[in-house]
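Asks: heads up, no residue letters with this:
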């Protein structure tokens, strides 16, 4: 019986060590998350940022710039910038317009582009949205 209790205590200790610390930011919301839709805009685990999609209702230079300014604000919430982005996922209802106005997107990276996926979809979570971009960023480890 003592061996079983010791084993259970050891399992509980290992489980506790596997928990992660999550820091959250959600558009200056006190709760740091949206409880209605059930998401957070930015979540930081260790030195990684996972940034939920920012959206626009138009795939134009102005609409694309609006999305990337929102993403820039998300990055800045943890002291990061586009130089820290390692992965970008882009979803749009009009991939041809996105290709046409891609320079508006590229300007934010200043020649240092991340791994990227671009997908045309029938619709996004917000019915009026035509573009959504999410990011993963890697922050330098602090000493």
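Replies: Cool, got the structure. Keep in mind that this is a model prediction, so the values were computed, not measured.

Asks: Can you show me the helices along the protein?
Replies: 2-17, 61-76, 95-100, 102-109 (DSSP state H).

Asks: buried set for the last one?
Replies: By neighbour count on 16 or more other CB atoms under 10 Å, the buried set for helix 102-109 is 104, 105, 108, 109. Any C-beta I mention is one placed from the backbone N, CA and C, and that applies to glycine too.

Asks: Give me the pLDDT for residue 18.
Replies: Turning to residue 18, the model gives it a pLDDT of 78.

Asks: Same question for the one 5 residues further on.
Replies: At residue 23, the model reports a pLDDT of 94.

Asks: where's it relative to residue 86, distance?
Replies: 18 Å (CB to CB, to the nearest Å).

Asks: thinking again about what came up before, any chance of JSON lines for the buried residues of helix 102-109, columns distance to residue 70 and pLDDT?
Replies: JSON lines is the format used below for those (distance: CB to CB, whole Å; pLDDT from 0 to 100):
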{"residue": "104", "distance to residue 70": "14", "pLDDT": "98"}
{"residue": "105", "distance to residue 70": "13", "pLDDT": "98"}
{"residue": "108", "distance to residue 70": "11", "pLDDT": "98"}
{"residue": "109", "distance to residue 70": "16", "pLDDT": "98"}
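
Asks: As TSV, these with distance to residue 78 would be great.
Replies: Formatted as TSV, these follow (distance: CB to CB, whole Å):
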residue	distance to residue 78
104	24
105	21
108	17
109	18
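
Asks: Those: which two are farthest apart?
Replies: Distance extremes for the buried residues of helix 102-109: the farthest pair is 104 and 109 at 11.3 Å, using CB to CB.

Asks: Lowest mean pLDDT among the helices and strands, pick that one out for the chain.
Replies: Lowest on mean pLDDT, DSSP states H and E among the helices and strands of the chain sits helix 2-17, with a mean of 54.
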